[in-house]
Each structure stands twice: as C-alpha cells, then as structure tokens.
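1. 3D model of this:
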Amino acid sequence: MNALAAWRGRCAAAAAAGFLLCALGAARHSGQFFQSYLCAYMFWFGLGMGCLGLRMLHDIVGGQWGDVLRPMLDAGTATVPWLGLLFIPLLFGLGALYPWARPAVVAADPLLLHKRPYLNVPFFMLRAGACFAIWGLMSRASRYSAAGLIVYFLTLTLCIADWTMSLEPHWYSTIYELLLICGQALSGLALAICGLALFGGGRNLSESLPPKPFIDMGNLLLACVMLWAYAAFSQYLIIWSGGIPAEISWYLRRQQGVWFPVALAMIAALFVIPFLALLGRRNKARLQRLALIAALIVAARALELFWLIKPAFEPAGPAIHWLDAASALALGGAWLAVFLGRLMARESVVGRINTEEAA
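-> From the prediction side, this is the model:
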C-alpha cells in the first residue's frame, strides 16, 4: 500500500509538471499542442476503454483469468469518467485539428459541404458528451454487461470516426473503427497484465496460484493480437485492391519517407514478436515473461497511434516536438494517478482468489 501511494504521488507530480508544460506550449504553439494532445489522449483513452470492455466481457463469460485481473480492470475502468474531463481541452482546438471545423475550407469543398449536417462543431460536441455520459454509467454498473457491450461497440465506433478518422475527412474505411477497438482491447489487457506483475504480487503471485489463469491470459492476449492483425490486414487488402485514389492516398502518406520504417517497427512489435512469443506455453505460464510481452505491446500501441494520427499533419515524416512528450507526461501521469488510487482501495489479489476458492 505504501509503495502504491508513493507511485501515485510521483504520477500526480508528473501530471502537474506535464500540464504546466502543456499550458506554456499551448500559448506559443497552439496548433502543435492540439496535435500532440490528441495523439497522447487517444493512447490513454484506449487503455481505459479497453479495461472497461474486458471487464464487461468477463462479467459475461467468467473465468479465473478475469478474477485475477479484476482489480486491474476495475482500476482502469475507474479512469473513464476522468477521461471525459481530459477531453475538454481538445474542444478548444477543433479548428486546428479538423478541416471540417474550418468554415472557409468547408465552403470551398463540395464533399465537406455534403457532410456538414453531421460533421459540424455543435453536433460533434453533443455526440462526445453523450458518449462520455453513457461510458460513465457503464463504468459504475456491471449488471447490464451483455447489453452494455453492444452499446460499448456502437459508441466507440461513433467516437473513433469523429476523433481520428475525420482528421482526413475525404478518407473512409468501414474497418478502421474495428481496428482501433481491437487495439484498445489488446492494450487494456496488456496493461492489466503489467499492472498485475508490478502491483499484484509479481513473483509471489506466480508461486501462490496455479499456471492456468496466466496461460488463459496469454491465450486471450494471443487472440487479441491475431484479431488486431486480421483487422489491419483486411483494411489494407480491401483498400489496396480497390484501387480508389481517395482511399489509397491514406496508406501512401503512411508508407513514404520515415513513416515506412515506423510502420515496419509497429508491425514487428505489435504482431510478429508477440505472436511468436505467445505460441509457447512456457512464456504464458510465467507472469514475469508474460508481463514483458505485454509491456512491448503497450509500447507498440503508442507507436501505432502515432503512425495513424500524425501523418494527417506531417505527411513527409515524423517531426518529434517537445509537446509530444509534455502531453504524454500530463495525460499519462493523470491516468496512472487515478488508476493507482483505485488500486489502493482494492484488497490483495491473492487474498481475493483464495477467498473465492474457499467459498
């Protein structure tokens, strides 16, 4: 408990420093601030929503893997209402982020004029506010997880299209939302495994429990890796074989210059290495090894979102700005402070499992 409190204090201090840097940067580089903040926000948003989705999944299917991970999933879910507050700064930069939020651009673009009844600032804010209200209710109630999981997919599809796909409103994909939802589930599960290894007892937990729940976690992680790869490859294959210039241009921007090696690194870290490592039972039976694979996946998800979002603003190649680090520090520190605060209120994982087995 003392260790958690200490880590929570460090995260809160990091968040305060990060938000101070963001405030200073926004005053001088407003456009860059909103780009950096959006990229960092989508990563931490994905972790919270991934934990919420996995918690609802466990409510439906059960399983000891979820019993062991439940404190981590609950802690991640507890960040969802706070993510609504952290979204507010983006509302002040819609014109800097989205072409459809600039009246002069819309007036000169027939396609944006056609989409204006849906893609407009008031309706965008209304949709975001309604989704956060729904997610806040879902994060506090687990009795309706079966219906909630359907609502979860529908609302996430809506917001992913609004917040990231509409950065390039001339491009559209029916698989893009599924790709990001799979990525969120993957990163949420990976983070929960890392949290279990760091704050759930680590080596002592591995010795206190049989290997089955850890093997089940590894199998689920492998399934999520394969589902993400299937969605990513399906989108690429359909768009590339279709040969429509407006659709192919999205990939062309992400395959030229420095973006190409970034894409290769993302594929290796998010699919090839985890897939090969998780095929072996030995790596899944030991929590420490599983946590290393999970940590790689979490880092690779950050790289994926950087690759998905940044080319909309920097098609020639990534230009790292100090506001990228400041935004990650601010949002990451705040998210982890809430996560650890919730975790401090939970009983120990080993005690919880032993109590359930005794009953």
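2. Now tell me what touches stretch 300-315 from outside.
-> 35, 38-39, 42-43, 46, 164, 167-168, 180, 183, 186-187, 190, 253-254, 256, 259, 262-263, 265-266, 269-270, 318 (Cβ atoms under 8 Å, 6 or more residues apart in numbering). Bear in mind the C-beta positions are built from the backbone N, C-alpha and C, glycine included.
3. Quick check: mean pLDDT of it?
-> Stretch 300-315 carries an average pLDDT of 94.
4. for stretch 7-25, same thing?
-> pLDDT averaged over stretch 7-25 gives 96.
5. Go through that stretch and flag the buried ones.
-> Trp7, Arg8, Cys11, Ala12, Ala14, Ala15, Gly18, Phe19, Leu21, Cys22, Gly25 (16 or more other Cβ atoms under 10 Å).
6. ok, for the second one, nearest residue in space, not its chain neighbours?
-> It refers to Arg8. Leu340 (4.1 Å; Cβ to Cβ, 6 or more residues apart in numbering).
7. ok, the one you found - how many residues close by?
-> The burial count assigned to Leu340 is 22, neighbours taken as other Cβ atoms under 10 Å.
8. so what does the helix or strand encompassing it touch, helix or strand wise?
-> Secondary structure assignment for Leu340, by DSSP states H and E: helix 322-344. When contacts are defined as 3 or more Cβ pairs under 8 Å, 6 or more residues apart in numbering; DSSP states H and E, helix 322-344 sits against helix 2-28, helix 30-61, helix 64-77, helix 80-91, helix 176-199.
9. Relative to the whole chain's centre, how far out is that helix?
-> 13 Å (Cα atoms, centre = their mean, to the nearest Å).
10. Can you report how many residues lie near Ser139?
-> Ser139: 23 neighbours (other Cβ under 10 Å).
11. any idea how far the nearest residue to it once chain neighbours are set aside is from Gln184?
-> Nearest non-adjacent residue to Ser139, counting by Cβ to Cβ, 6+ apart: Val80, 4.4 Å away. Separation of Val80 from Gln184 (Cβ to Cβ, to the nearest Å) stands at 12 Å.
12. Now the common contact residues for these two.
-> What both Val80 and Gln184 touch, as defined by Cβ under 8 Å, 6+ apart, is the set Met49.
13. Counting neighbours, go ahead and name the busier of those two.
-> Comparing Val80 with Gln184 by other Cβ under 10 Å, the one with more neighbours is Gln184, at 27 against 20.
14. Next up, the contacts around that one.
-> Counted by Cβ under 8 Å, 6+ apart, Gln184 has contacts Gly46, Leu47, Met49, Gly50, Gly53, Leu156.
15. thinking again about what came up before, confirm for me that the residue nearest to Ser139 is in contact with Leu52.
-> Yes. Assessed by Cβ atoms under 8 Å, Val80 is found in contact with Leu52 at 5.7 Å.
16. list residues touching both of these two?
-> Trp135, Met138, Ser139.
17. Apart from its neighbours in sequence, what residue is nearest the second one?
-> For Met138, ignoring the flanking residues on the chain, the nearest one in space by Cβ to Cβ, 6+ apart is Gly148 at 5.0 Å.
18. what's the host helix or strand of that neighbour packed up against?
-> In the assignment (DSSP H and E), Gly148 maps to helix 145-163. The contact analysis (3+ Cβ pairs under 8 Å, 6+ apart) places helix 145-163 against helix 30-61, helix 121-140, helix 176-199.
19. Next one, pLDDT for the residue most central in space within the chain please.
-> In the chain, the residue lying closest to the centroid (Cα atoms, centre = their mean) is Gly46, at 1.9 Å. pLDDT for Gly46: 97.
20. Tell me who's in contact with it.
-> Counted by Cβ under 8 Å, 6+ apart, Gly46 has contacts Leu180, Gly183, Gln184, Ser187, Gly188, Arg301, Leu305.
21. Could you identify the most distant pair in those residues?
-> Gly188 and Leu305 (13.8 Å; Cβ to Cβ).
22. which among the contacts of Gln184 end up buried?
-> Here, 16+ other Cβ under 10 Å leaves Gly46, Leu47, Met49, Gly50, Gly53, Leu156 buried among the contacts of Gln184.
23. export the residues you listed to JSON lines and tack on distance to Thr174?
-> Formatted as JSON lines, these follow (distance: Cβ to Cβ, whole Å):
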{"residue": "Gly46", "distance to Thr174": "20"}
{"residue": "Leu47", "distance to Thr174": "25"}
{"residue": "Met49", "distance to Thr174": "20"}
{"residue": "Gly50", "distance to Thr174": "21"}
{"residue": "Gly53", "distance to Thr174": "20"}
{"residue": "Leu156", "distance to Thr174": "14"}
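24. Mean pLDDT per helix and strand in the protein: which one sits at the bottom?
-> helix 349-358 (a mean of 43; mean pLDDT, DSSP states H and E).
25. how much space between the residue nearest to Met138 and Phe306?
-> Distance from Gly148 to Phe306, by Cβ to Cβ: 30 Å.
26. neighbour-wise, which of those two wins?
-> Gly148 (23 against 20).
27. got the contact list for the more buried one?
-> Met56, Met138, Ala141.
28. Take those and lay them out in a markdown table including neighbour count and pLDDT.
-> Below are the contacts of Gly148 laid out as a markdown table (neighbours: other Cβ atoms under 10 Å; pLDDT from 0 to 100):
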| residue | neighbour count | pLDDT |
| --- | --- | --- |
| Met56 | 24 | 95 |
| Met138 | 23 | 92 |
| Ala141 | 9 | 76 |
